[in-house]
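A.B. asks: Sequence below, structure please.
(one chain, ligands or ions: 3)
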Amino acid sequence: MAIRITNLLLMFAALLKSVLNETPLDKCCIVDMSHTLDTDSIRFPTDPEFIFTILTRGIEPEGFWLELNKFETPEHIGTHMDAPSHFARDRWRVHEIPAQRLVGAGVVVDVRNKVKRNPDYRLSVSDLRKWEMLYGRIPDGAIVFMWSGWDVRYPNKTSTFNSNTPEDIRTWHFPGFHPSAMSWLVQNRNISMIGVDTPSVDYAQTSVYDVHQIMCNASIMGLENVNNLAKIPPSRSLIVALPVKLRDGSGGPVRIISIFCDTDKSKYC
Ligand SMILES: *[C@@H]1O[C@H](CO)[C@@H](O)[C@H](O)[C@H]1NC(C)=O
Ligand SMILES: *[C@@H]1O[C@H](CO)[C@@H](O)[C@H](O)[C@H]1NC(C)=O
Ligand SMILES: *[C@@H]1O[C@H](CO)[C@@H](O)[C@H](O)[C@H]1NC(C)=O
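C.D. replies: Numbering: from 1, shown residues only. Ligands and ions are numbered 1, 2, ... in the order given. The predicted model follows:
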């Protein structure tokens, strides 16, 4: 308990100092955890495609340069957030999620070895307990990530969905959270979000999306297709995950960054 509070205080003190310029911000790492949104972005095969249209790109009659585009996109595409309303009635839609819930301490649970042996692996309660044995209790407001190593496959559909027929969802094989781990987090810890480097918080072979159901019912947000978990420390980073503030959205593209200071910078950035 004492260790947990000290760690968090140290983390925020370092951040504050940076902002106040006592410590130069170049002593901190700021890591981008979103994939770029474009026509190759991973999406559900039944969702409409992402469309980017150039409206203006050139020199105007008055002599200045002008670029204007429009984009059309499904909500659940690329690196995106699931709002609680996605799988639970009367829960927050994107624009209603309090800003306080969009920032939290990063918890990175490494399941790469288990996933190597079994692409249908589901992150378990014992994986969470193992993380806590190493780094202390999962802090209030945490953002708990499954690190499977899947982000290097993105946006190759064959390898991301791990199937030679990626248009057929029944053939998909990728890891996610186990519903019992999700329930354990809801009942025993006080977290704001979970995140995965795969397309779904539920593993690919699910038919009922129970992790989505438990997560959303508990007003916990989900982050999917997260990038660069190898580039942030397993604990003590500050995560900021800001979705587009779409009225009544069930989710939306999200820019996620991780900020950490006073670490061995060379190891990460
Ligand atoms: C859960 O954590 C938040 C901070 O993220 C805090 O405001 C709230 O009081 C906590 N709730 C409980 C029941 O401890
Ligand atoms: C996508 O991944 C598959 C399976 O690993 C591989 O055979 C294919 O060459 C990759 N495609 C591209 C464009 O990299
Ligand atoms: C949904 O959450 C409520 C508390 O807000 C809880 O009482 C109920 O058991 C949950 N239902 C499911 C299906 O998880």
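A.B. asks: how about the nearest residue to the residue of the stretch 151-269 of the chain found nearest ligand 1, chain neighbours excluded?
C.D. replies: Closest residue of the stretch 151-269 of the chain to ligand 1, Cβ to the nearest ligand atom: residue 190 (3.7 Å). All C-beta atoms are positioned from the backbone trio N, CA, C, and that covers glycine. Nearest in space to residue 190, with sequence neighbours left out and distances taken as Cβ to Cβ, 6 or more residues apart in numbering, is residue 140 at 4.5 Å.
A.B. asks: Name the nearest residue to residue 234, ignoring sequence neighbours.
C.D. replies: Closest to residue 234 by Cβ to Cβ, 6+ apart is residue 108, at 4.6 Å.
A.B. asks: And the helix or strand harbouring the one you found, how far out from the chain middle?
C.D. replies: Here residue 108, judged by DSSP states H and E, is contained in strand 103-110. From the chain centre to the centre of strand 103-110 is a distance of 10 Å (Cα atoms, centre = their mean, to the nearest Å).
A.B. asks: try stretch 147-167
C.D. replies: Distance, centroid of stretch 147-167 to centroid of chain: 16 Å (Cα atoms, centre = their mean).
A.B. asks: how about that stretch: buried residues?
C.D. replies: Judged by neighbour count (16 or more other Cβ atoms under 10 Å), stretch 147-167 contains these buried residues: 147-151, 153-155, 157, 160-163, 166.
A.B. asks: Could you do stretch 98-108 as well?
C.D. replies: By 16+ other Cβ under 10 Å, the buried positions in stretch 98-108 come out as 101, 102, 103, 104, 105, 106, 107, 108.
A.B. asks: Provide the partner residues of the fourth one in its beta bridges.
C.D. replies: When bridges are assigned using DSSP bridges, the partners listed for residue 104 are residue 239.
A.B. asks: how far away is it from residue 124?
C.D. replies: 22 Å (Cβ to Cβ, to the nearest Å).
A.B. asks: any chance you could read off phi and psi for the closest residue to residue 180 other than its chain neighbours?
C.D. replies: In this structure, residue 180 finds its nearest non-sequential neighbour in residue 125, 5.9 Å apart by Cβ to Cβ, 6+ apart. Note on residue 125: backbone dihedrals following degrees, to the nearest 10 are phi -60, psi -40.
A.B. asks: and residue 125, what does it touch?
C.D. replies: By Cβ atoms under 8 Å, 6 or more residues apart in numbering, the contact set of residue 125 is 178, 180, 181, 184.
A.B. asks: got those residues as CSV, with distance to residue 266 columns?
C.D. replies: CSV is the format used below for the contacts of residue 125 (distance: Cβ to Cβ, whole Å):
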residue, distance to residue 266
178, 35
180, 38
181, 33
184, 36
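A.B. asks: Of the residues you listed, which belong to helices?
C.D. replies: Those of those mapping onto helices are 180, 181, 184, per DSSP state H.
A.B. asks: Mind jotting down where the helices sit in this structure?
C.D. replies: All helices of the chain, identified by DSSP H, fall at 2-19, 112-117, 125-135, 157-160, 179-188, 210-217, 265-268.
A.B. asks: Packing partners of the second one?
C.D. replies: The reference is to helix 112-117. Packing contacts for helix 112-117, counted by 3 or more Cβ pairs under 8 Å, 6 or more residues apart in numbering; DSSP states H and E, involve no helix or strand.
A.B. asks: I'd like the average pLDDT over it.
C.D. replies: If you average the pLDDT over helix 112-117, you get 98.
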